[in-house]
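J.: return a 3D structure for these sequence lines:
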Amino acid sequence: MPKQINILAIESSCDETSAAVVRDGKVLSNEIATQQVHERFGGVVPELASRAHMQNIVPVVDAALTDAGLDKKDISGVAFTQAPGLLGSLLVGACFAKAFAQALNVPLIAVHHMQAHVLAHFIDDSPEFPFLCLTVSGGHTQIVLCRSHLDMEVLGETIDDAAGEAFDKVAKMLGLPYPGGPLVDKYAAMGDPMKFKFPIAEMKGYSFSFSGIKTSVLYFLQANKKMNPDFIEHNLYDICASVQYTIIKTLMTKLKKAAKEHGIKQVGIAGGVSANSGLRKAINETGAELGWKVYIPKFEYCTDNAAMIGITGYYKYLKGNFADMSVSPTARATWQ
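T.: A predicted model of the protein is given here:
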């Protein structure tokens with residue numbers, strides 16, 4: 001094993017092209033190229049995302065190496081997002097990573113995107129095990145029990161829409177531009193969270209469901225707009241606050257249940273929705289109340305980024321958990 005382990009990481013699961021360099025578990029660089037082309041369509045268009053990745057990946061990797069002060073010959077291994085995500089987007093990152101690793105004759109490391117979100121906590125911190133993590137993003141909502149860096153178990157997850165998807169779809173109903181989730185969070189801070197009541201789905205165990213609140217908001221808006229065409233404009237802040245309150249309460253109820261039943265006091269959140277100020281406030285307040293040690297990644301490590309792929313790749317490198325050149329990206333994958 002080399003004296004210094006330098007992992008080049010590639011993330012291309014959706015609409016951000018990102019490359020990072022991680023040395024011995026420390027992030028040296030983390031470059032992200034965002035894609036503005038999707039805004040006019042109100043959501044990510046897979047074909048356009050794939051094309052943008054092809055345009056961005058070489059300059060993003062070059063910038064990551066330059067910022068890290070390294071030459072490609074210094075790289076010890078190449079990690080990439082193998083699953084889940086948009087297949088065309090994943091293929092761009094996978095093909096680049098394979099070619100790069102093969103050209104340098106260094107190990108190739110396949111990374112599960114959601115496992116990487118959990119391990120983003122270890123970029124700047126070191127939660128003790130066992131550790132409970134609520135991963136919330138546009139495509140996933142899960143409660144994960146972490147026994148070690150590479151030993152994780154999904155205790156529960158959404159059976160339909162993810163929390164981030166619910167935020168974005170409600171935002172679209174309100175006429176907010178894509179991505180609408182951050183705007184709901186912004187407007188919620190200026191509204192009354194108790195003004196309107198929306199249902200919380202009662203699910204067994206640690207499962208979630210967010211399709212009900214989406215439907216409830218749709219019917220609620222339709223009914224009120226019939227009586228007042230300007231209802232949304234006059235009540236936007238209160239609607240956002242009430243929706244956000246409902247989604248966060250749903251998340252926190254299950255998280256508290258899991259922490260109590262497993263006797264765990266080390267608790268964190270990860271994924272794009274962990275950047276939500278309301279959720280951050282809720283977990284900090286709950287942690288203070290229940291004696292949790294709360295962990296929240298920095299904002300730049302909440303949304304999709306290659307640094308989290310790199311930190312995961314580093315721990316897999318230490319265990320010799322490498323992939324061969326026959327590995328293929330997949331849009332959906334069971335937990336690894």
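J.: tell me where the model's unsure across the stretch 101-250 of the chain.
T.: Low-confidence regions of the stretch 101-250 of the chain, defined here as pLDDT under 70, do not occur.
J.: can you give me the helices for it?
T.: All helices of the stretch 101-250 of the chain, identified by DSSP state H, counting those that start in this stretch, fall at 113-119, 163-173, 181-188, 211-227, 231-262.
J.: out of the ones you listed, which one sits most buried?
T.: Across those, averaging neighbours per residue (mean count of other CB atoms under 10 Å) puts helix 113-119 on top, at a mean of 26. C-beta coordinates here come from the backbone N, C-alpha and C atoms, glycine included.
J.: packing partners of that helix?
T.: When contacts are defined as 3 or more CB pairs under 8 Å, 6 or more residues apart in numbering; DSSP states H and E, helix 113-119 sits against strand 77-83, strand 131-136, strand 141-146, helix 306-318.
J.: at 6 Å what do you get?
T.: Judged by 3 or more CB pairs under 6 Å, 6 or more residues apart in numbering; DSSP states H and E, the packing partners of helix 113-119 are strand 131-136, helix 306-318.
J.: turn the ones you listed into JSON lines, including distance to Ala68 and mean neighbour count.
T.: Below are the helices and strands packed on helix 113-119 laid out as JSON lines (distance: least, CB to CB, whole Å; neighbours: other CB atoms under 10 Å):
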{"stretch": "strand 131-136", "distance to Ala68": "27", "mean neighbour count": "26"}
{"stretch": "helix 306-318", "distance to Ala68": "10", "mean neighbour count": "28"}
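J.: to Tyr295, which of those lies closest?
T.: In terms of CB to CB, the element of the helices and strands packed on helix 113-119 nearest to Tyr295 is strand 131-136, at 7.8 Å.
J.: pull up the pairing partners for the closest one, direction included.
T.: strand 141-146 (antiparallel), strand 266-270 (parallel) (DSSP bridges).
J.: touching, Gly191 and Ala241? I think so.
T.: Yes - between Gly191 and Ala241 there is a contact under CB atoms under 6 Å: 3.1 Å.
J.: hang on, the earlier thing: so can I have JSON lines of the helices of the stretch 101-250 of the chain showing distance to Val294?
T.: As requested, these are arranged in JSON lines below (distance: least, CB to CB, whole Å):
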{"stretch": "helix 113-119", "distance to Val294": "15"}
{"stretch": "helix 163-173", "distance to Val294": "18"}
{"stretch": "helix 181-188", "distance to Val294": "19"}
{"stretch": "helix 211-227", "distance to Val294": "25"}
{"stretch": "helix 231-262", "distance to Val294": "11"}
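J.: nearest to Asp74, out of the strands paired with strand 131-136?
T.: Among the strands paired with strand 131-136, the nearest to Asp74 by CB to CB is strand 266-270 (29.2 Å).
J.: now that closest one against helix 306-318, angle please.
T.: Using axes from the mean of the first three to the mean of the last three CA atoms, to 10 degrees, the direction of strand 266-270 lies 130 degrees away from that of helix 306-318.
J.: so for strand 266-270, mean pLDDT?
T.: On average, the pLDDT along strand 266-270 is 96.
J.: what's next to it, contact-wise?
T.: With CB atoms under 6 Å, 6 or more residues apart in numbering as the test, strand 266-270 has contacts from 117-118, 120-121, 127-128, 131-135, 259, 283, 292-296.
J.: re the thing from before, so which of the helices and strands packed on helix 113-119 comes closest to Gly69?
T.: Among the helices and strands packed on helix 113-119, the nearest to Gly69 by CB to CB is helix 306-318 (15.5 Å).
J.: appreciated, that's everything.
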